[in-house]
Structures are given as structure tokens and as C-alpha cells.
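1. below is the structure, and that's it, no one-letter string:
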Ligand code: NAD
């Protein structure tokens, strides 16, 4: 049994109240570790440590802070297999995914922001009769990061890396559902001797730890990724003392397939976009719109491929579909499957819990499900399910499909498939989402702005956008005459 600890002021410690929660492996339904059930007093201690570390950390040069980020990245790399297995046990995702996406991307988040700092310097504007202007980016202070369970270390590092790089000290809250890799990272921080208080990791429930962070007057900014419902609670809290806030929230993303697409590429990517990580990626394409001339052919080919997908023990090398993250989430997905049926949908594949063999007979597995016959306005096509569930429907015109794409409260991402790049870009420009891919999905350049419109987000992460979020701009104007 692994005993996960908080990481506060450079030390691994239990919650002050001594309480622990069970942490369950969703692929077996068994408890395999415990997590501190921290409260406000743990957050207070972490904020005090971060405040004490701020003067030292913020005065380091960019190059010195970069070196620490690279040491953290190297520390993860040195224990790569351990991190990958931990992510799989905690989350239920196939090991191949932890190895090929989650852990490599966590390392590159830290390395990327270490490098990006080279371009994040003071700017001096020429004297054009208005004196010399210097533009400074000064770290905002102690900041809080709150992250979800779907890409646990990937999204945790996506926030702490730019915050630390910008010179802020951090109180970070991983999801209580998947706390293990953040704990391993805190062990790495101890191993490399990261100065005490620079990064503090407090485990616990959202309404306890998260709420104490959003209410704390010494935390100057909150960077949040999670559901839209939680994002709204956090936005209200942060408004009370005008805390800066960045919100990355839910999605219900369209995949638009035109008849003139590269069929095989569109097909295999539409499947990956629907079911990668059991459909638990905010960028997943859960509404598939196919132009009528190829609708039947595309649908049948999708069904055949989905049926051939290997679902099984996430720790097995060949497993491509694992378990969903928790019992609670499993039940939510099953509820939505029932709802889809009530709304008149037909299951072309799946539609129920998957029956697994030992040791996974009590795990939380859902069959990859493709649904046909639903209207664009029904709840199944409007609400984020965040599981291995996608709908498919035909369309006839560009205007019609743009209307479908834009008809939800969300606006995070989407992908468009056509060999007519002019048409694809014309459509992309009319879809109200923060990220549109043409003939690809999840192709990421970390310099680009990442985030959503409408109820999917406020603000952008990535590149200098993230460094700017964690900074205050200051203009010093010097008279030259
Ligand atoms: P969630 O909103 O339940 O929890 C996210 C985090 O917020 C957790 O750490 C949780 O403990 C914390 N939290 C919960 N209540 C809180 C409160 N009152 N105050 C402060 N913190 C609180 O989300 P989840 O179920 O962990 O993650 C799934 C959601 O995340 C999906 O909606 C998904 O679309 C979204 N997501 C968005 C992005 C993006 O970049 N837009 C990326 C990944 C996931």
C-alpha cells in the first residue's frame, strides 16, 4: 500500500488532521494507496512556505530557474517506467498511452517552459519622442494550480512549469482521484533538492483544498483545469478578491468529415479522437458529422474498426482501451448511455459496461460506443459525457454542419477533414472554438495558444500566453530630454 504524502516547504508530510482517503485502481476496483485528506490548515501552511520562498525564487535569473525545471524533467525521465505504470494504475489508461503520451509530454512541458524563458525578457521600446519605455514581466507572487484526473501529470506540469518559470511560487492541487504521479514528482523535488517552498503539493478534495486555495488572500492567481461546473464556482470565488483566474473547462467537440477527405486517415483519426484515453480528453471529438455521400461507408468502416479495438487490462502491452477513471464516473457514463437510448439513439457498437476477466472483473470498463439517430439538440449531443461514447450523423451543406458544430454551450476544439484546404479553412474560421485541426487531431505545438471559447474556457495557456498569465506587466517610462 503506497502512502501518498503532501509536499510542503520541501518536506513530505501527512495531512495535519491525520485523515487519509482510499485511492482506487479503476481497472481492478481495489484500493492500492492512500491520499491525505488535507484541509484549510494544510493549505495555509503551504501558502506560508510559498510566500517565504517567493523573494528568493523570483530573484533568480531566467537561466537559473530553467535549470531547476530541467532537473525536474530529468528526475521524471530517470524514473520513467515507474511514472508510466503509476499513471496507468491510478487512472485506468492503457500503459502504451502513459508511455507514449502522458509521461513524455510531462517531461516536455517542463523542458519547453525552461527553453521558452529565453524569449521572455524585458522589452525596451525606442524613444519616439515619448521617452524610453521598458516593459517588464514581473512574477505575480504565490499562485495556485488546480488540475483534473484525465491527464494527471501532463496537465499538472502544464500549469506548474510556466508558473515556476515566470518566477512565481506555487501551491498545486492534483485531482484527488489521480494523485500518485504528483506524489512521485514531489519525491523527485526532494531528490534534486528543489529549494523549500518553491513548489508545494497539497492533496485532498476540491471543496476542502481547492476552496481554501481560491479563498486565500495571499494566492494571487488560480490556474484551473476541470469541469465547467467547478470552473464557475472558482470564477465566483476568485471574483471576491479580484484574483486573476484562468479556466480550462469542458468540451463537446465536433469532427467534421467532408466527402472529399482522405478516407483512411479521417477514419482512423476520427476513431482515435473519439476513444483515446477512453474518451476522457477534453479535446476528444464526440460528435461526428459526415457528409452524406460517404456517410454509410464511413459509418460501416468505423463500426468494423471499433469492434476490432483491443480492450483489456490497461497494464497489458497490447491494450488500447482501458478502464474509465472511477466508479462514480463509470455510473455517469452508463446513465448517459441509458439516456441516449431513451432519446431514440441506436447503438452501432457498445452501449454497455464491458465484462472483463480476472484481475479486472470488478474494474470500471465501458464498451466503446458509437450512436446513430440522434438530433443535434438532444442532451446526448449537448452534454459532455467524457467517456468512450460518440455520436454520428450525416450532413448535406457547409452551413448546416457549421450550425451543428456551433450549437452547444462549449467551444474548445474540433477537427475538419477535407482535401479542399480552402473549404476546410473557411469552415474552421466559422466554428466558435479555440482550436481547430484540419486533417489531423491533437497535433500540438506548445507555443500556440491553448484554450476554449464560450463555456469551455477563459484565457489561454501555452507559450508566452501562460508565462504572461503568471506575470504582472510593468511599464517604466524614462524621459530622455
Ligand atoms: P472537476 O471539475 O471535478 O475537478 C477538477 C479539479 O477541481 C480537481 O482537482 C478537483 O478536486 C477540483 N475542485 C473540485 N471542486 C472544487 C472547488 N469547489 N473549488 C476548487 N477546486 C475544486 O473535473 P474532473 O472531473 O477532475 O475533470 C474532468 C473535466 O475536466 C471535464 O469536464 C474535462 O473536459 C475537463 N478538462 C478540461 C481541459 C481543458 O484543457 N479545457 C483539460 C482536461 C480536462
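-> That came through, no problem. This is a predicted model, so every value here is computed, not measured.
2. stretch 334-345: which residues count as buried?
-> 334, 336-337, 340, 345 (16 or more other Cβ atoms under 10 Å). Where you see a C-beta, it was placed from the backbone N, CA and C, and this is true even at glycine.
3. what's the most distant pair in those residues?
-> 334 and 345 (14.2 Å; Cβ to Cβ).
4. quick check, nearest of the buried residues of stretch 334-345 to residue 90?
-> Closest approach to residue 90 among the buried residues of stretch 334-345 (Cβ to Cβ): residue 334, at 21.7 Å.
5. confirm that closest one sits in a helix?
-> Yes: assessed by DSSP: H, G, I helix; E, B strand; the rest coil, residue 334 belongs to a helix.
6. give me every residue that touches it.
-> By Cβ atoms under 8 Å, 6 or more residues apart in numbering, the contact list for residue 334 reads 352-353, 366.
7. quick one: name the residues of the stretch 151-300 of the chain near the ligand.
-> Residues of the stretch 151-300 of the chain lying near the ligand by Cβ under 6 Å from any ligand atom: 155, 173, 175-176, 206-207, 210-211, 214, 225-227, 230, 233-234, 248-251, 282.
8. in helices, which of these fall?
-> Taking DSSP state H, the ones among these that sit in helices are 155, 211, 214, 230, 233-234.
9. rewinding a little: of the buried residues of stretch 334-345, which is the nearest to residue 453?
-> Among those, residue 336 lies closest to residue 453 (Cβ to Cβ), at 23.9 Å.
10. ok, that closest one touching residue 381?
-> No: contact criterion Cβ atoms under 8 Å: residue 336 and residue 381 do not qualify, at 11.0 Å.
11. how much space separates residue 115 from residue 105?
-> To residue 105, residue 115 is 15 Å away according to Cβ to Cβ, to the nearest Å.
12. between these two, tell me which one has more neighbours.
-> residue 105 (18 against 15; other Cβ atoms under 10 Å).
13. list the residues that contact that one.
-> 151, 154 are the contacts of residue 105 under Cβ under 8 Å, 6+ apart.
14. wait, is it part of a helix?
-> Yes: according to three-state DSSP, residue 105 belongs to a helix.
15. number of residues surrounding whatever residue of the stretch 51-200 of the chain ends up closest to the ligand?
-> When scored by Cβ to the nearest ligand atom, the stretch 51-200 of the chain has residue 148 as its residue closest to the ligand, at 3.1 Å. Using other Cβ under 10 Å, residue 148 has 23 other residues around it.
16. circling back to that earlier point, ok, the contacts of residue 334 vs the ligand, which is closest?
-> residue 366 (15.7 Å).
17. the closest one - how many residues pack around it?
-> Using other Cβ under 10 Å, residue 366 has 25 other residues around it.
18. show the pLDDT at it.
-> Looking at residue 366, its pLDDT is 98.
19. residues in contact with it?
-> By Cβ under 8 Å, 6+ apart, the contact list for residue 366 reads 278, 324, 330, 333-334, 337, 350, 352-354, 387-389.
20. residue 393 touches residue 370, doesn't it?
-> No: using Cβ under 8 Å as the test, residue 393 is too far from residue 370 to be in contact (11.1 Å).
21. so those two - more neighbours on which side?
-> Neighbours were counted for residue 393 and for residue 370 using other Cβ under 10 Å; residue 370 has more, 25 against 19.
22. could you list the low-pLDDT ranges of this protein?
-> When residues are selected by pLDDT under 70, none of them lie in the chain.
23. center of it, which residue is that?
-> residue 155 (4.7 Å; Cα atoms, centre = their mean).
24. hang on, the earlier thing: got a PyMOL select line for the buried ones in the contacts of residue 366?
-> With 16+ other Cβ under 10 Å as the burial test, the buried ones among the contacts of residue 366 are selected in PyMOL as follows:
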select buried, resi 278+324+330+333+334+337+350+353+354+387+388+389
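25. export the contacts of residue 366 to JSON lines and tack on distance to residue 271?
-> Shown next, in JSON lines, are these (distance: Cβ to Cβ, whole Å):
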{"residue": "278", "distance to residue 271": "13"}
{"residue": "324", "distance to residue 271": "18"}
{"residue": "330", "distance to residue 271": "22"}
{"residue": "333", "distance to residue 271": "18"}
{"residue": "334", "distance to residue 271": "22"}
{"residue": "337", "distance to residue 271": "19"}
{"residue": "350", "distance to residue 271": "13"}
{"residue": "352", "distance to residue 271": "19"}
{"residue": "353", "distance to residue 271": "21"}
{"residue": "354", "distance to residue 271": "17"}
{"residue": "387", "distance to residue 271": "15"}
{"residue": "388", "distance to residue 271": "11"}
{"residue": "389", "distance to residue 271": "13"}
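26. can you tell me which of the contacts of residue 366 are in helices?
-> Short answer: the contacts of residue 366 in helices (DSSP H) are 330, 333-334, 337.
27. end to end on stretch 255-267, go ahead and measure it.
-> 11 Å (Cα to Cα, to the nearest Å).
28. report the distance from that stretch to the chain centre.
-> Distance of stretch 255-267 from the chain centroid (Cα atoms, centre = their mean, to the nearest Å) equals 26 Å.
29. turn the contacts of residue 334 into CSV, columns for distance to the ligand.
-> What follows is the contacts of residue 334, written out as CSV (distance: Cβ to the nearest ligand atom, whole Å):
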residue, distance to the ligand
352, 22
353, 20
366, 16
